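Chemist: Sequence plus predicted model, see below.
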Amino acid sequence: YGTCVGAGSSTNSIDQWTSADIDGAKKMIQLVEDYARSARWQIENTYSNYDASSTCDSDVHGMCPCDDCKHWSDWNSKVLFTQVGVLKGTSGTQAEMAAATCLAEDIATTYK
C-alpha cells in the first residue's frame with residue numbers, strides 16, 4: 001500500500017484498485033460498522049438495565065489462564081473460540097467489581 005507514486009510507476013496503489021476491490025472494501029467496512037453498532041447497543045442496553053440489587057454468577061468462565069485454549073498459528077496465540085470468558089478487574093470496591101462482572105456476563109451472553 002502506498003499513497004505516493006513509486007519510482008518507475010505512474011500511479012499509486014489506490015489508483016490501481018479495481019471497482020471489485022472497492023466494493024469488497026465497502027462491504028468489509030459496512031460489516032465492521034454493523035458489528036461496532038451492535039456491540040455499542042448491547043453495552044448501552046446492558047448498562048441501562050443493570051440492577052445493582054441483583055446477583056451474578058460467581059462461577060464465570062475466566063479468561064486467564066485459558067487451560068482449554070489451543071495454539072492457532074493464524075493468531076500466533078492460544079485461543080478458544082467456543083467459550084466466552086470474563087476477565088475480572090483487580091481494583092475498585094467490592095460493589096464496583098461485582099457490577100463490572102455482572103455487566104460483563106450480560107454482554108458475554110450475546111457472543112455465546
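Modeler: Sure, I can see it.

Chemist: chain center to the helix or strand where residue 24 lies, what's the gap?
Modeler: Counting by DSSP states H and E, the element that carries residue 24 is helix 19-48. Helix 19-48 sits 11 Å away from the centroid of its parent chain (Cα atoms, centre = their mean, to the nearest Å).

Chemist: Let me know the next secondary structure element after that helix.
Modeler: strand 70-72.

Chemist: Can you give the contact residues for the helix or strand following that following strand?
Modeler: Proceeding N to C from strand 70-72, the next assigned helix or strand is strand 77-79, under DSSP H and E. Strand 77-79 has contacts (Cβ atoms under 8 Å, 6 or more residues apart in numbering) with 66, 69-72. Quick note: C-beta positions are derived from backbone N, CA and C, even for glycine.

Chemist: can you redo those residues as CSV with neighbour count and pLDDT?
Modeler: Below are the contacts of strand 77-79 laid out as CSV (neighbours: other Cβ atoms under 10 Å; pLDDT from 0 to 100):
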residue, neighbour count, pLDDT
66, 15, 77
69, 15, 84
70, 9, 86
71, 9, 88
72, 12, 85
